[in-house]
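Visitor: My questions concern the predicted model and sequence given below.
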Amino acid sequence: MKKWLLLGVGAACVALATFLWAQPVAQNQVSGNECWNAGQGPGGPSQFLCINTVRNGTALTTVSGSGAFVTTATQTAGTLMWTGAAPTSWTVNLPNPAFDGEVVRLGTATTLTTMVTVQTAAGTQAQTMSAAYAAQTLTASTSVAWQYNNAGSVWYRIQ
């Protein structure tokens, strides 16, 4: 009798362990749009905080067109990839407002010869760039990137 009771308890433990092992503990696929309400201490104000600002990353936005093409990067669309035939020019406006540490990255699948310009955009923040980036060539399968420093209100080229 003890043998059957011990065997039954053992089988129940194995079944329970298998059930618990098979359950996912956390979501491992994020889109970048997940947000939650974050408070500033007991009784303090709260705001929505989204995962893309926490991980300092955004989804890849593909861009294509013809003629003189202008793209404005945003806090949620800061990684831009040019695809298709080259336009006559591609001007990218940096996000304004920008959060401290925000990164804007440009890539291309097509060589863009002496036509890429990156500039600050009008908005709520006075922003500058550490160095001008006008009429530049961006070679296929390469990228350039800028990161925003809120203390100095400056976009620094980091790649």
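Guide: Received it, and whenever you're ready, just let me know what you need.
Visitor: from here on, contacts and neighbour counts on C-alpha atoms
Guide: Will do.
Visitor: which regions of the chain lie under the pLDDT threshold?
Guide: Scanning the chain for pLDDT under 70 picks out the ranges 1-2, 5-8, 10-33, 52-58.
Visitor: let's see it at 90
Guide: Within the chain, the ranges that satisfy pLDDT under 90 run 1-61, 73-79, 97-102, 122-125.
Visitor: Show me the helices in it, by range?
Guide: Counting by DSSP state H, the chain has helices at residues 2-22, 51-54.
Visitor: quick one: contacts for residue 141?
Guide: Contact analysis of residue 141 by C-alpha atoms under 8 Å, 6 or more residues apart in numbering lists 107-110.
Visitor: List just the nearest of these to residue 155.
Guide: Closest approach between the contacts of residue 141 and residue 155, by C-alpha to C-alpha: residue 107, at 17.5 Å.
Visitor: That closest one pairs with what?
Guide: residue 81, residue 143 (DSSP bridges).
Visitor: surely it meets residue 116?
Guide: No. Residue 107 is beyond contact range of residue 116, at 10.9 Å (criterion: C-alpha atoms under 8 Å).
Visitor: Need the overlap of contacts for those two.
Guide: Residues touching both residue 107 and residue 116 by C-alpha under 8 Å, 6+ apart: residue 138.
Visitor: And for residue 131, the neighbour number?
Guide: 11 (other C-alpha atoms under 10 Å).
Visitor: Next one: it from residue 42, what distance?
Guide: Counting by C-alpha to C-alpha, to the nearest Å, the gap from residue 131 to residue 42 is 43 Å.
Visitor: before we move on, the earlier item: which among the contacts of residue 141 count as buried?
Guide: The neighbour count (16 or more other C-alpha atoms under 10 Å) marks 107-110 as buried among the contacts of residue 141.
Visitor: With distance to residue 75 added, can I get the residues you listed in TSV?
Guide: Supplementary listing: these in TSV, determined by distance: C-alpha to C-alpha, whole Å:
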residue	distance to residue 75
107	17
108	20
109	23
110	25
